[in-house]
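no letters, just coordinates:
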């Protein structure tokens, strides 16, 4: 049976495809998941810009844009030796993510989403998810849907890199995994391990994402 479409319908199909071609590729995941390394490699392979939310949080551009927004409180300290860090309320990372999506929602980039928004209010975290839903290409990195398995695997990986995984830091890390898994339940999953439980290489993760791009 032949399916006949009008010229206007064909044009809509083509324009829709072009629209998806100009959407950010958004990678989300907890510490130790390999998300940042993979996002850089993916951007390099696709020859498109690489943007990180963690660096955007301390960018003077977004600090200036957000500091006068209603309810936003932020203090960023920049030290030549000790580095840069910020002290803010939960509305600041939400504001920065809004600004990023305003700027890049119709551009082909790789957006590396750090764990910052894993610690904000539940209502705000779901509003962040709505922001990211402007793109059909949102992926969350994990080990599996099992919180304990993901936690144990990533904890060992972080300890192998000399990172702190005890006390308050450890509890925040577990909570971040729980929040990200709960918020992005229906998001495309990228497992960082193979069926035999060994880690996937960065190249394998990059190729897997490219196959899934819409």
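Nice, I can see it. Small disclaimer: the values here were computed from a predicted structure and weren't measured.

what sits against the closest residue to residue 86 other than its chain neighbours?
Closest residue in space to residue 86, ignoring its immediate chain neighbours: residue 76 at 4.3 Å, by C-beta to C-beta, 6 or more residues apart in numbering. Backbone N, C-alpha and C define where each C-beta goes, glycine included. The contact partners of residue 76, taken as C-beta atoms under 8 Å, 6 or more residues apart in numbering, are 58, 60, 63, 84, 85, 86, 87.

spatially nearest residue to the last one (excluding sequence neighbours)?
Pointing back at residue 87 there. Sequence neighbours aside, residue 75 is the residue nearest to residue 87 in space, at 4.8 Å (criterion: C-beta to C-beta, 6+ apart).

mind checking the SS state of the one you found?
strand (DSSP: H, G, I helix; E, B strand; the rest coil).

which residues touch it?
Residues in contact with residue 75 (C-beta under 8 Å, 6+ apart) are 86, 87, 88.

which residues does the helix or strand hosting residue 55 contact?
Residue 55 belongs to helix 53-57 when assigned by DSSP states H and E. Helix 53-57 has contacts (C-beta under 8 Å, 6+ apart) with 62, 86, 92-93, 96-97, 99-100, 111-114, 116-117.

going by distance to residue 39, which of those wins?
residue 112 (4.0 Å; C-beta to C-beta).

the closest one reaches residue 29, doesn't it?
No - if you go by C-beta atoms under 8 Å, residue 112 and residue 29 don't touch, sitting 9.1 Å apart.

overlap of the contact sets of the two?
The contact lists of residue 112 and residue 29 share residue 35, where a contact means C-beta under 8 Å, 6+ apart.

thinking again about what came up before, inside helices: which ones of the contacts of residue 76?
60, 63 (DSSP state H).

quick one: which of the contacts of residue 76 is most hemmed in?
residue 63 (20 neighbours; other C-beta atoms under 10 Å).

list the contacts of it.
So residue 63 contacts 74, 76, 86 (C-beta under 8 Å, 6+ apart).

burial of the first one, as a residue count?
Yep, that's residue 74 we're talking about. When neighbours are counted by other C-beta under 10 Å, residue 74 comes out with 20.

buried ones in the helix or strand residue 36 falls within?
Element membership for residue 36 (DSSP H and E) is helix 35-46. With burial defined by 16 or more other C-beta atoms under 10 Å, the residues of helix 35-46 counted as buried are 35, 36, 38, 39, 40, 41, 42, 43, 46.

from the chain's centre, how far out does it sit?
12 Å (C-alpha atoms, centre = their mean, to the nearest Å).

cool, stretch 199-207 as well?
A distance of 17 Å separates the centroid of the chain from that of stretch 199-207, by C-alpha atoms, centre = their mean.

please apply the same query to stretch 131-150.
Distance, stretch centre to chain centre, for stretch 131-150: 9 Å (C-alpha atoms, centre = their mean).

okay, how far is it across that stretch, tip to tip?
Stretch 131-150 has its terminal residues 26 Å apart, counting by C-alpha to C-alpha, to the nearest Å.

can you list the buried residues in it?
In stretch 131-150, the ones that count as buried by 16+ other C-beta under 10 Å are 131, 132, 135, 137, 138, 139, 140, 141, 142, 143, 147, 150.

just the ones of these in helices?
Using DSSP H, those in helices are 131, 132, 147, 150.

skipping its backbone neighbours, what lies nearest the last one in space?
Just to be clear, that refers to residue 150. residue 143 (4.1 Å).

nothing else from me, thank you.
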